[in-house]
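Chemist: I would like the atomic coordinates for the input below:
(chains A and B)
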Amino acid sequence: MEPIIIDGTPKTPTIKFDAKEGVFEIKGRSIPENSVEFYKPLVDWLDLYKETPLNKTVVNIKLEYFNTSSSKCILDVFKKLEAIHKAKNDVEVNWYYEEDDEDMLEAGEDYESIIRVPFKMIEIVE
Amino acid sequence: MSFNVETYFSDLSNGNQIIYYKGNIDSDLINRVLDTVEAKMVNGNEHSKLRKKVYNVLVESLQNLYHHVEKVPEGFEDQTSEKYGILAVNKVDKGYTIMTGNFIRADNVEMLEEKIKRINRSNHEELTELYKFILNHQRISSKGGGGLGLVDIARKSGNRLEYSFKEYNGNSSFFYLKILVSENK
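Modeler: Residues are numbered from 1 along each chain as shown, chains lettered A, B, ... in the order given. Alright, predicted model coming up:
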């Protein structure tokens, strides 16, 4: 599978989904008005990946901001990962948040309580 | 029945304004407002925690306008703006207030008011549960919003939503929303 690599913009995150390494990263700001347009290709790509996933998939989420319209799309991404995990593959989500950013930590905990995939909360100390 | 919405909004939002805008709410405008307010907070040496909260609440407020404003009523002075809204951000002692104004259909007033009342009755834990419920059970509407905006605003600001509805004509009301984002929350 071809990786997905998308450069970040002020409103959309940097994306690096590499099927060969099994490492997926979403980083930066995710505040577009139309999040579905941005995330649909990622969700479609994950649909393909979940047919033949690696034994271990690591997902790094390093978001500075995300809006509520992205939050639904990010949940869709996690649901695909949950399906991979349910099919007896290792999936690990690393949820990064900046020191003091309790809102971002809570956002990670929201997903952790909805999605049955192991989450690790990682504080970025400057 | 119609009244001057600008005067009405200005009376409600007076104070130490760092940004004020009225007119069409499009994607470029949202970018400009976010950049301006962010730069002013950085220049004002605001703590990153407050900066992030203000930024988050501002994103949701602007995108609420973008996704949900109704067409302006007939006879309203600005007929060219497809999505007419008014916005102000004020610096206050404890932080910032974000105020928005927009037209809504009169028959949607009751539903929106009920929603706000429910949010205002909820404590932080209840808002978290409400947020997670909507996140997990509601699809994104054709307008792009997911019904999460106001819940998220209340949760992040830690303060009650202040609001008013004022009837403009039989079909339209003007909705005013004020959010305080404060340092210690």
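
Chemist: mind telling me what element residue B:6 is part of?
Modeler: In this assignment (DSSP states H and E), residue B:6 forms part of helix B:5-13.

Chemist: please enumerate residues in contact with that helix?
Modeler: Applying Cβ atoms under 8 Å, 6 or more residues apart in numbering or on different chains, the set of residues contacting helix B:5-13 from outside is B:20, B:22, B:76, B:86, B:88, B:90, B:97, B:99, B:101, B:164, B:166, B:168, B:174, B:176, B:178. From N, CA and C alone the C-beta is placed, and that goes for glycine too.

Chemist: list the helices and strands the helix or strand just after that helix packs on?
Modeler: On the C-terminal side of helix B:5-13, the closest following helix or strand by DSSP H and E is strand B:16-24. Other helices and strands packing on strand B:16-24, by 3 or more Cβ pairs under 8 Å, 6 or more residues apart in numbering or on different chains; DSSP states H and E, are helix B:5-13, helix B:27-43, strand B:84-91.

Chemist: hmm, 10 Å instead?
Modeler: If contacts are counted by 3 or more Cβ pairs under 10 Å, 6 or more residues apart in numbering or on different chains; DSSP states H and E, strand B:16-24 sits against helix B:5-13, helix B:27-43, strand B:84-91, strand B:95-105.

Chemist: longest strand of chain A, counting residues only.
Modeler: When chain A is parsed with DSSP state E, its longest strand is strand A:56-66.

Chemist: can you confirm whether it lies near chain B?
Modeler: Yes. For strand A:56-66, a contact with chain B is found by Cβ under 10 Å from any Cβ of the partner chain, at A:64, A:65, A:66.

Chemist: tell me what that strand is packed against?
Modeler: strand A:14-18, strand A:23-30, helix A:35-49, helix A:68-86, strand A:90-98, helix A:102-114, strand A:119-124, helix B:48-68.

Chemist: run the last query once more with 7 Å
Modeler: strand A:23-30, helix A:68-86, strand A:90-98, helix B:48-68 (3 or more Cβ pairs under 7 Å, 6 or more residues apart in numbering or on different chains; DSSP states H and E).

Chemist: so for residue B:26, which of these sits nearest?
Modeler: Of all the helices and strands packed on strand A:56-66, it is helix B:48-68 that lies closest to residue B:26, at 7.5 Å by Cβ to Cβ.

Chemist: in CSV, list the C-alpha atoms belonging to the closest one.
Modeler: The C-alpha trace of helix B:48-68 is given here as CSV (Å, rounded to 0.1, in the frame of the first residue of the first chain):
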residue,chain,number,x,y,z
SER,B,48,-0.6,29.3,27.0
LYS,B,49,-3.4,27.6,28.9
LEU,B,50,-5.7,30.6,28.6
ARG,B,51,-4.6,31.2,25.0
LYS,B,52,-5.6,27.7,24.0
LYS,B,53,-9.0,27.9,25.7
VAL,B,54,-9.8,31.2,24.0
TYR,B,55,-8.6,29.9,20.6
ASN,B,56,-10.7,26.7,21.0
VAL,B,57,-13.8,28.5,22.0
LEU,B,58,-13.3,31.1,19.2
VAL,B,59,-13.0,28.3,16.6
GLU,B,60,-16.2,26.7,17.7
SER,B,61,-18.1,30.1,18.0
LEU,B,62,-17.0,31.1,14.5
GLN,B,63,-17.8,27.7,13.0
ASN,B,64,-21.2,27.7,14.7
LEU,B,65,-21.9,30.9,12.8
TYR,B,66,-20.5,29.4,9.6
HIS,B,67,-22.6,26.3,9.8
HIS,B,68,-25.8,27.5,11.4
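
Chemist: any idea what residue 95 is bridged to?
Modeler: No chain in the question, so chain A it is. Beta-bridge partners recorded for residue A:95 (DSSP bridges): residue A:61, residue A:121.

Chemist: let me rephrase: I mean chain B.
Modeler: Going by DSSP bridges, residue B:95 forms beta bridges with residue B:182.

Chemist: so for it, what's the pLDDT?
Modeler: Listed pLDDT for residue B:95 reads 95.
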